[in-house]
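Q: Got a sequence here, can you build the structure:
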Amino acid sequence: MTTKDILGWLAELFEFPGDKIQVNSLRREIPAWDSLGMLSLMAGLDERFHIHLTDKDIGTLQSVADVLSILRLNGIISED
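A: Residues are numbered from 1 along each chain as shown. This next block holds a predicted model:
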């Protein structure tokens with residue numbers, strides 16, 4: 001997958017306009033990325049990519065870039 005693919009997936013997950021979600025988008029800028037949205041993100045990462053987040057991981061997710069970093073560490077994102 002590419003970064004663009006993940007941005008599209010996140011936009012769909014959070015029901016956020018795809019042209020508005022960027023690598024540098026912050027969690028607070030995405031209305032649906034609240035506590036329920038975090039649960040949806042955790043479930044999506046688990047179901048789609050088989051990534052199980054630790055409490056430490058969850059605490060560090062404050063931006064789209066943080067999500068991308070976890071996906072890179074798990075070999076999900078190929079070099080763009």
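
Q: how about the helices in the chain?
A: Along the chain, the stretches classed as helices by DSSP state H are 3-13, 35-49, 55-60, 64-73.

Q: What is the second one packed up against?
A: The one in question is helix 35-49. Judged by 3 or more CB pairs under 8 Å, 6 or more residues apart in numbering; DSSP states H and E, the packing partners of helix 35-49 are helix 3-13, helix 64-73. All C-beta spots, glycine's among them, are computed from the backbone N, C-alpha and C.

Q: Now do the buried residues in the helix or strand of the chain with the lowest mean pLDDT.
A: Using mean pLDDT, DSSP states H and E, helix 55-60 stands out as the lowest-scoring helix or strand of the chain, at a mean of 91. Neighbour-count burial for helix 55-60 flags Asp57 (criterion: 16 or more other CB atoms under 10 Å).

Q: residues in contact with that helix?
A: By CB atoms under 8 Å, 6 or more residues apart in numbering, the list of residues contacting helix 55-60 from outside reads 38, 42, 66, 70.

Q: With adjacent residues omitted, what lies nearest to the most centrally placed residue in the chain?
A: Nearest residue to the geometric centre of the chain (CA atoms, centre = their mean): Val67, 4.1 Å. Of all residues not flanking Val67 in the chain, Leu61 sits nearest, at 6.2 Å (CB to CB, 6 or more residues apart in numbering).

Q: so how far is Asp19 from the one you found?
A: Distance from Leu61 to Asp19, counting by CB to CB, to the nearest Å: 22 Å.

Q: Neighbour count: these two, which is higher?
A: Neighbours per residue, other CB atoms under 10 Å: of Leu61 and Asp19, the larger number sits with Leu61, 19 against 8.
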